[in-house]
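In: Sequence plus predicted model, see below.
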Amino acid sequence: MFRLDEECFEEPFRFSRTAMRRFAESRKAHVVIAESDGTLAGFAILHVEGRVGYVVTLDVAEGFRRHGLAARLMQTMEQQAIDAECAVVGLHVFVGNAGAIRFYEHAGYKRVGDVPGFYGEGLNAWVYRKKLAAA
């Protein structure tokens, strides 16, 4: 997972090996993994805190992009959030990541705020949330 995160994100947007392990192994974590012929095609990590789910990361390997895998990973995470009785799922996205912004907005996420310096000095994030229908 760490290697795929390195492939998907440049610094400072990627996680360290220690942080990735901490997020994935947390009691609050729900990890969704997609494989193809033994190859890690993508993964997502959702943390659940009470009735709120938080998308920690969503990573899809280059060769598996533009085939709907990210959408399936998000749908699976959202279902896990519903199963955990979450009412909402939130996430942060870099304000300059137009592709991710389009993806999340298309998936029904609404921009609700911003966090200056979330990824480091001058690297701001938008805050997105989605209410879950079955919660």
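Out: Looks like it arrived, so ask away. Numbers count the residues shown, from 1 in each chain.
In: what's near enough to touch residue 71?
Out: Residue 71 makes contact with 103, 107 under the criterion C-beta atoms under 8 Å, 6 or more residues apart in numbering. C-betas here are computed from N, CA, C, even on glycine.
In: List the buried residues of the helix or strand it falls within.
Out: Under DSSP states H and E, the secondary-structure element containing residue 71 is helix 69-83. Judged by neighbour count using 16 or more other C-beta atoms under 10 Å, the buried positions of helix 69-83 are 69-70, 73-74, 76-78, 80-82.
In: Going by distance to residue 49, which of those wins?
Out: Distance to residue 49 across these (C-beta to C-beta) is lowest for residue 81, with 10.8 Å.
In: got a list of contacts for the lowest-mean-pLDDT helix or strand in the chain?
Out: The weakest-scoring helix or strand in the chain, judged by mean pLDDT, DSSP states H and E, is helix 2-8 (a mean of 88). With contacts defined as C-beta under 8 Å, 6+ apart, helix 2-8 is touched by 14-15, 17, 20-21, 40, 42-43, 57, 59-62.
In: same deal with stretch 32-46?
Out: With contact meaning C-beta under 8 Å, 6+ apart, stretch 32-46 is reached by 1, 4, 23-24, 29-31, 53-61, 63-64, 69-70, 72-74, 76-77, 80-81, 89.
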